[in-house]
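> quick one, what's the 3D model for this:
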Amino acid sequence: MKAAALTAIERLEIIEQPTPEIQQADDVLLRVRMVGICGSDMHYYQTGTIGTEGVEYPFVCGHECAATVVAVGSDVTEVKVSDKVVVEPAVSCGKCDQCLAGRENTCRNLKFLGCPGQLPGCLSEYIVMPERCCYKVEQEFSFEGAVLCETLSIALYAAENAGIDNSKSCAVLGCGPIGLSCILTSKALGADNIYATEIIPERVNVAETTGITWIGNPQKEDVIKSVIDCQPNGVDIVFECAGKQETIDQAVEILKPGGKLMLIGIPRIDRISFVIERIRRKEISIINVRRQNNCTARCIELVASGKIQPDFMVTHYFSLEQTQQAFDLVSNYADGVVKAVIKF
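Presented below is the predicted three-dimensional model:
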């Protein structure tokens, strides 16, 4: 089978690999139909690392995946050949203290698609995953929606942890795919007022179509003042989706006392900082969001019901052979890209 592999910094090549085979009774052989390019893929593409996780070349990345079932192991009962599925990229052990405590996202033995030293990524024609990672969707469920469920489930996990409801106001700092997903899930859960910031003009325009209360560009205006003018007491929740020191600082200033700062963006630096007087006097809760935890099924329900309509986020399509071109586009934020996908 063909796969797109990183072979050096900012270099991708199409390689031939053996087609994976079913090894365990609960395995499912999947034909990959669409893969989304994620910000974490960009870390590996541009630097070869995320934190202490380093790539050994050649390396197949990718973890946002929609697929169809080709074959199933003898114990598989929930999906069958030809089913369309959303792929949950995290394979937890189900046995460690974290799994037993209901924290599968911090499983001690977690294996994740397209993560160095764990599992090969899904930028290949076929993959094998355990049945519990394959969520069947109806045939009319779009592949775009299926791919976006991975990002949306992270946003849903963050929104639920933050306690979003119809009495809460929130801000989303950074309106790439994860930020837009936070907007969509917060709206679906009933957030009262949603404010947003973004520096890329095309993404500002896209975010405006979601029906948010206000959006501003911090390179063109004082976004702290603008939000406080609209929400004098500050907002209840901030979803920080840019992974930047400046957006973290902005979040602290626009939060009301007792507010929650949800850190979702992955910084490129090893350390970030806070003005301790500000977060102490405001008694701000800082919550890191580690991927998602058992939210995929609920996310699929929200998309299937129409409460979340995410397909607009997919702005660019590429073939497997065009993966280098796709990664370059995303890396440079070119041509108004929001979400680029590889379509098989």
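> tell me the buried residues in the lengthiest helix in the chain?
Criterion DSSP state H: the longest helix present in the chain is helix 143-162. Applying a neighbour-count criterion of 16 or more other Cβ atoms under 10 Å, one finds 143-159, 161-162 buried in helix 143-162. (Glycine included, C-beta is placed from N, CA and C.)
> same deal with stretch 206-218?
In stretch 206-218, counting by 16+ other Cβ under 10 Å, buried: Val206, Ala207, Thr210, Ile212, Thr213, Trp214, Ile215, Gly216, Pro218.
> for the first one, give me its contacts.
The neighbours of Val206, taking Cβ atoms under 8 Å, 6 or more residues apart in numbering as the test, are Cys175, Leu180, Phe312, Met313, Val338.
> out of these, what pair is the most spread apart?
Cys175 and Phe312 (12.5 Å; Cβ to Cβ).
> out of those two, which sits in the more crowded spot?
A side-by-side neighbour count of Cys175 and Phe312, using other Cβ atoms under 10 Å, places Cys175 first with 29 against 15.
> would you agree that one is in contact with Ile215?
Yes - with contact defined as Cβ atoms under 8 Å, Cys175 reaches Ile215; the gap is 7.3 Å.
> overlap in contacts, these two.
Common contacts of Cys175 and Ile215, defined by Cβ under 8 Å, 6+ apart, comprise Ala196, Thr197, Glu198, Val204, Ala207.
> ok, Cys182 to Val172 distance?
When distances are taken as Cβ to Cβ, to the nearest Å, Cys182 and Val172 turn out to be 5 Å apart.
> between these two, who's got more neighbours?
In this view Cys182 and Val172 are compared by other Cβ under 10 Å, and Cys182 has more residues nearby, 36 against 31.
> so the helix or strand containing the more buried one versus helix 143-162, what angle?
Element membership of Cys182 [criterion: DSSP states H and E] is helix 177-188. Computed by axes from the mean of the first three to the mean of the last three Cα atoms, to 10 degrees, the angle separating helix 177-188 from helix 143-162 equals 70 degrees.
> list the helices and strands helix 177-188 packs on?
Helices and strands touching helix 177-188, as assessed by 3 or more Cβ pairs under 8 Å, 6 or more residues apart in numbering; DSSP states H and E, comprise helix 143-162, strand 169-173, strand 193-197, helix 201-208, strand 235-240, helix 296-305.
> tell me the mean pLDDT for it?
Averaging pLDDT along helix 177-188 gives 97.
> which residues touch that helix?
For helix 177-188, contacts defined as Cβ under 8 Å, 6+ apart pick out 36, 38-39, 148, 151-152, 154-156, 158-159, 164, 170, 172-173, 175, 194, 196, 198, 206-207, 210-212, 239, 241-242, 264-265, 299, 302, 307-310, 313, 338-339.
> what does stretch 229-240 give?
Counting by Cβ under 8 Å, 6+ apart, the neighbours of stretch 229-240 from elsewhere in the structure are 155, 158-159, 162-164, 168-174, 179, 182, 186, 193, 195, 213-214, 227-228, 247-248, 251, 254-257, 259-265.
> buried subset of those, written for ChimeraX?
Those of the contacts of stretch 229-240 that count as buried under 16+ other Cβ under 10 Å are selected in ChimeraX with:
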select :155,158,159,162,164,168,169,170,171,172,173,174,179,182,186,193,195,213,214,227,228,247,248,251,254,255,256,259,260,261,262,263,264,265
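> any chance you could map the helices in the chain?
39-47, 97-100, 143-162, 177-188, 201-208, 223-230, 245-254, 276-281, 296-305, 323-331.
> least confident of the ones you listed, on average?
Lowest mean pLDDT of these: helix 39-47, a mean of 93.
> list the buried residues of that helix.
Residues of helix 39-47 classed as buried by neighbour count (16+ other Cβ under 10 Å): Gly39, Ser40, Asp41, Met42, His43, Tyr44, Tyr45.
> so how far is Arg203 from the spatially most central residue of the chain?
Taking Cα atoms, centre = their mean, the centroid of the chain lies closest to Thr151, which sits 3.0 Å from it. Applying Cβ to Cβ, the value for Thr151 to Arg203 is 15 Å.
> make a markdown table from the helices and strands packed on helix 177-188 and add distance to Cys133 to it.
Output for these, formatted as a markdown table (distance: least, Cβ to Cβ, whole Å):
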| stretch | distance to Cys133 |
| --- | --- |
| helix 143-162 | 11 |
| strand 169-173 | 28 |
| strand 193-197 | 31 |
| helix 201-208 | 30 |
| strand 235-240 | 26 |
| helix 296-305 | 9 |
